[in-house]
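*Asks:* no sequence for this one, just the structure:
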């Protein structure tokens with residue numbers, strides 16, 4: 001479990017209302033150096049703020065990158081783009097020390113080409129997860145694209161079920 005403090009967050013705070021919400025959530029009146037779990041930010045104000053707050057704890061780049069890999073994998077369709085899958089696998093290997101920056105860069109370039117040509121949220125999630133930049137800088141974008149891809153898959157699944165039920169009842 002990762003921890004941060006209100007004083008660490010205060011140095012990096014993106015919006016004042018987050019600090020106000022956190023103080024209330026934690027039952028405090030002022031910032032201090034008492035550690036609290038980073039998941040308190042998730043509970044208080046959501047995934048995007050919790051991802052941002054990883055910068056204010058001792059989270060390793062490896063753990064952040066592997067979370068991005070997990071997000072991108074969740075977004076992949078039943079028949080994923082091969083370049084996207086390779087980018088995700090390369091990002092995982094890079095996090096584990098089994099791929100070089102050059103390999104990650106090449107995989108990211110291929111994933112970006114796939115994302116541009118397909119317009120797929122899943123491909124964009126793979127592109128972001130395989131970014132050579134710090135995973136702390138790309139993780140929120142990966143989560144956002146992953147969410148959109150999963151939402152798209154869910155809506156397609158529901159629409160298919162509705163059509164199947166229509167056929168069953170009226171066909």
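*Replies:* Sure thing, it's come through. What you see is a predicted model, and the numbers here were worked out from it, not measured in a lab.
*Asks:* what are the phi and psi angles of the spatially most central residue of the chain?
*Replies:* Nearest to the geometric centre of the chain sits residue 143, at 2.8 Å (CA atoms, centre = their mean). Backbone geometry at residue 143, expressed as degrees, to the nearest 10, gives phi -60, psi -40.
*Asks:* what's the pLDDT at it?
*Replies:* At residue 143, the pLDDT value in this model is 91.
*Asks:* I'd say it and residue 47 touch.
*Replies:* Yes - between residue 143 and residue 47 there is a contact at 6.0 Å, judged by CB atoms under 8 Å. Glycine gets a C-beta too; all of them are placed from N, C-alpha and C.
*Asks:* neighbouring contacts of the helix or strand harbouring residue 108?
*Replies:* Secondary structure from DSSP states H and E places residue 108 in helix 101-118. Identification of contacts with helix 101-118 by CB atoms under 8 Å, 6 or more residues apart in numbering yields 81, 83-84, 86-87, 89-91, 93-94, 99, 120, 123-124, 126-127, 130-132.
*Asks:* out of these, which are buried?
*Replies:* 81, 83-84, 86-87, 89-91, 93-94, 99, 120, 123-124, 126-127, 130-131 (16 or more other CB atoms under 10 Å).
*Asks:* which of those fall in helices?
*Replies:* Mapping these onto helices (DSSP state H) picks out 83-84, 86-87, 89-91, 93-94, 123-124, 126-127.
*Asks:* can I get those in a markdown table with pLDDT and distance to residue 163?
*Replies:* Converted to a markdown table, these look like this (pLDDT from 0 to 100; distance: CB to CB, whole Å):
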| residue | pLDDT | distance to residue 163 |
| --- | --- | --- |
| 83 | 92 | 31 |
| 84 | 92 | 27 |
| 86 | 95 | 33 |
| 87 | 94 | 33 |
| 89 | 96 | 34 |
| 90 | 96 | 38 |
| 91 | 95 | 36 |
| 93 | 97 | 40 |
| 94 | 96 | 42 |
| 123 | 90 | 26 |
| 124 | 90 | 27 |
| 126 | 91 | 29 |
| 127 | 90 | 32 |
